[in-house]
Structure formats: C-alpha cells, structure tokens
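> Need a 3D model of the sequence below.
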Amino acid sequence: MAFSGSQAPYLSPAIPFSGTIQGGLQDGLQITVNGTVLSSSGSRFAVNFQTGFSGNDIAFHFNPRFEDGGYVVCNTRQNGSWGPEERKMHMPLQKGMPFDLCFLVQSSDFKVMVNGSLFVQYFHRVPFHRVDTISVNGSVQLSYISFQVRLSTCTGPQGWDAGPSVAVPRPCWVDPSQSPTQPPGVRPANPAPITQTVIHTVQSAPGQMFSTPALPPMMYPHPAYPMPFVTTIPGGLYPSKSIILSGTVLPSAQRLQMTGRKWGSELRGQSFRWAAHPRFHINLCSGSHIAFHLNPRFDENAVVRNTQINNCWGSEERSLPRKMPFVRGQSFSVWILCDAHCLKVAVDGQHLFEYYHRLRNLPAINKLEVGGDIQLTHVQT
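Sure thing, here's the model as predicted:
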C-alpha cells in the first residue's frame, strides 16, 4: 500500500492497543504517543513497532521500567525470539505524570524524544519498511497517537526539530465507526482529522519555541507550558482547520475569579476574589475580540461557550449531549475543527458540540489563548 501521510490519529485508545500504520514506516515519519503513566498499576509499559498483530516480529521495542531505580530497555524481536537488550540507565518519566514520546523514523535508526528532549537513538536491526503496526501495553493511559510526515530533519542539542515538516490533509470529521479495520480482539481507537499545515520552529532558549513569519509553529512537544499560554494560529481559521490541545486538570487548584469582563494584566481597578473551584478556558481570538470562548466550570458542572465582541459577552451556550467530560485530576484532549458554518469540538475522541460562528471573518481568528487550572502538555495549531 502506497504511503500517503494522511493517516488520522488514534484518540484515547484503550490499553492494550494495536493499530495499523497506514503504508508502514517510511523515512521521515514521526509518530507521537501522548499519555499518562499510571501510578497505581504495574511498573512497566511498552511501545512496539511491529509486523502484524501477533507480536512475534517487533522491529523496535521501547520499554520504560520503573523498578530498580528506573531504566528503559530497547530491543528487537524476530520470529518470537528477543535479541540483545540495549539499556538506557535513566528514567525520564514519572508515575502519575503525563508524557510525550516522539518517534522519528530515519534511514539508519529511530530517534526518540521524551517530553521535548532527545533521549535515545536505536539503530535498525531489521528493515523498518516491514513495520505496519504500532502497539502499546502496560501501565499507561493514552490520550492520542498521531502521525506526521517530516520533509527534512536535523538533530541538535535541543532536539531534531529545526527543519520544516508537513501534515498531509484529511479534511473531515471522522466517524469512529469508520476507523481502520482491526483483527478480532483488537479494539479500534477513535480517529480524528489532520489538516494541512507547514511548520518551521526555531529553538531560541530551552522551553521556548519561536517561528519565522513565513512558516509559523504548529506543534509544541513540551511537557509543561507556562500559563496562561498564548500563540498564533497560522493562517487563521478556515474550513478543515483543526486545533488540538491536551493537558491535565489540576486536582485542587485555586483560581482568581474576576467580577468584571477582563482578566490577565488588566487587574487595576477590578475587584476579585479567590475561589476553590477550578476552571479553565480556551479562547480563539480575532484582534481584541474572542470569537470562541470554551470554559469548563467544575463548580457549575458546565462547559460554557460564548463570544466576546468589544468587551461584551453574548449569550452563553451550555447544553451537552452527555455528562461533563472534564474531570479534576485527569488528562484530556480537545479537538476543535473549523467548518464553514461552525466549530466542531470533540473531547477525548468523542464529538461534544457544535458552535456556530458569530464572527465570520475566519482568517482574522488567528490567536489561541489557554489559561486556568490545567497543566497543558500538547498544543497543535
């Protein structure tokens, strides 16, 4: 099967998970595995790049182990037999904490970044083009597994991402029932769309990503973001444009609740009070206007949506087809897909609501703001 680069991510896959890599591994393919290490069950997990679903032929076995001080085993299995282990006697992950693993396939090796830092290089022992399946098992909860085609790469002290990459378009809101066929006993994850975006990031300082005007950033593989977080939306909104955010709701955070319409640096002259009920917000902005305000409120058990024009809020939308999808202390993934008439929002792979555009100059909606009682772990614009 020819490689197209158009594979949709797997969202919130159940563990153990096995899924098809459409077209198999190719030079320049980057696969990102995002999730949380479970704190209460088991002491290991594994990400396997393998041929078929049997597990007898694994080209690359990436196996963090939390016993004996913590280390990571890399290996290859052929015809059911393991080869010699390669051990990295360092554990970059923590139990109970989110993680971001990026696997870059190159002609001679796999390169693995953990939470934004280059961690290990594993040279191929078998031809990587035989790999057509990814599997994950062990003591983890996954948010998503995504796929990107990278046109060029280089490796430096801050990681490999110093060249452009492209995600090839799949402009549709995929029905979970249309996910790739899996063999009996393998539960498919929910797919979601990828839209075309060209990116170029330049590392200016540890933990900070900046971009050239022509090729702005799309993905920020960093384990924790400063809050509030603000970034541009390259090209603004347009039909088929998608924005992806993942994070964890803080379990017992305090928030600063404003009685006026403004927040952030505009505290002067405003009254405020502390409250023990966490909230957070995701804003899509057009200049000084907020075109879309997504505001989960745990004290009200509601997900509020609204638009602010000239510092005046419109009518709130609160109705949901199911219960509140955000839970204190738990991770989440939000997908926002722009349609011609509305925004479609999915949480943890499940469609949640549609929000019809109130500001219709979509390309002018070009800024993303995130703030509140969450730890943000992944942003893709």
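> Can I get stretch 48-65 as PDB, trimmed to CA atoms?
Extracted in PDB, the C-alpha atoms of stretch 48-65 (Å, rounded to 0.1, in the frame of the first residue of the first chain):
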ATOM      1  CA  ASN A  48       6.200  -1.600  19.900                       C
ATOM      2  CA  PHE A  49       6.700  -1.100  16.200                       C
ATOM      3  CA  GLN A  50       6.000  -4.400  14.700                       C
ATOM      4  CA  THR A  51       4.900  -6.500  11.700                       C
ATOM      5  CA  GLY A  52       1.300  -7.600  12.100                       C
ATOM      6  CA  PHE A  53      -0.600  -8.100  15.300                       C
ATOM      7  CA  SER A  54       1.000 -11.300  16.700                       C
ATOM      8  CA  GLY A  55       3.900  -9.600  18.400                       C
ATOM      9  CA  ASN A  56       6.400 -12.200  17.100                       C
ATOM     10  CA  ASP A  57       8.300  -9.700  14.900                       C
ATOM     11  CA  ILE A  58       9.000  -6.300  16.700                       C
ATOM     12  CA  ALA A  59      11.400  -4.100  14.900                       C
ATOM     13  CA  PHE A  60      11.600  -1.600  17.900                       C
ATOM     14  CA  HIS A  61      10.600  -2.400  21.400                       C
ATOM     15  CA  PHE A  62      10.700   0.800  23.600                       C
ATOM     16  CA  ASN A  63      10.100  -0.400  27.200                       C
ATOM     17  CA  PRO A  64      10.300   2.000  30.200                       C
ATOM     18  CA  ARG A  65      10.700   0.100  33.500                       C
END
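> change the start of the numbering to 880 and stick with it
Sure, I'll start counting at 880 from here, so that last one is stretch 927-944.
> In that stretch, which of the residues would be classed as buried?
By 16 or more other C-beta atoms under 10 Å, the buried positions in stretch 927-944 come out as 927-930, 932, 934, 936-944. Using the backbone N, CA and C atoms, a C-beta is placed for each residue, glycine as well.
> again, but for stretch 1124-1132
1124-1129, 1132.
> how is the protein carved up into domains?
Domain assignment for the chain, taken from automatic domain parsing, gives 889-1036, 1108-1259.
> which intervals of the chain have sub-threshold pLDDT?
The model of the chain has pLDDT under 70 over residues 880-885, 1029-1103, 1131-1156.
> Please narrow the buried residues of stretch 927-944 to those residing in helices.
Applying DSSP state H to these, no entry is found in helices.
> Format the buried residues of stretch 1124-1132 as TSV; extra columns: secondary structure and distance to V1109.
Listed next are the buried residues of stretch 1124-1132 as TSV, based on DSSP: H, G, I helix; E, B strand; the rest coil; distance: C-beta to C-beta, whole Å:
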residue	secondary structure	distance to V1109
L1124	strand	13
S1125	strand	17
G1126	strand	15
T1127	strand	20
V1128	strand	20
L1129	coil	19
A1132	coil	20
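> Specify which member of the residues you listed is nearest to K1202.
Taking C-beta to C-beta as the measure, K1202 lies nearest V1128 of those, at 14.9 Å.
> If the closest one is in a bridge, with which residues?
Note on V1128: beta-bridge partners by DSSP bridges are I1253.
> and S1212, how far is that from M992?
In this view, S1212 and M992 are 19 Å apart by C-beta to C-beta, to the nearest Å.
> Wait, a helix at H1230?
No. Read with DSSP: H, G, I helix; E, B strand; the rest coil, H1230 is strand and lies in no helix.
> Could you find the closest non-adjacent residue to it?
Computed as C-beta to C-beta, 6 or more residues apart in numbering, the closest residue to H1230 that is not its neighbour in sequence is K1223, at 6.7 Å.
> just to revisit the earlier point, so which of the buried residues of stretch 1124-1132 comes closest to S1014?
The nearest member of the buried residues of stretch 1124-1132 to S1014, counting by C-beta to C-beta, is S1125 at 21.0 Å.
> what about the nearest residue to that closest one once chain neighbours are set aside, which SS state?
Closest residue in space to S1125, ignoring its immediate chain neighbours: H1257 at 3.9 Å, by C-beta to C-beta, 6+ apart. Of the three states, H1257 takes strand according to three-state DSSP.
> The stretch 1130-1260 of the chain: strands as residue ranges?
With DSSP state E, counting those that start in this stretch, the ranges of strands along the stretch 1130-1260 of the chain come out as 1134-1137, 1151-1154, 1159-1165, 1168-1176, 1181-1188, 1191-1192, 1210-1217, 1221-1226, 1229-1235, 1246-1251, 1253-1259.
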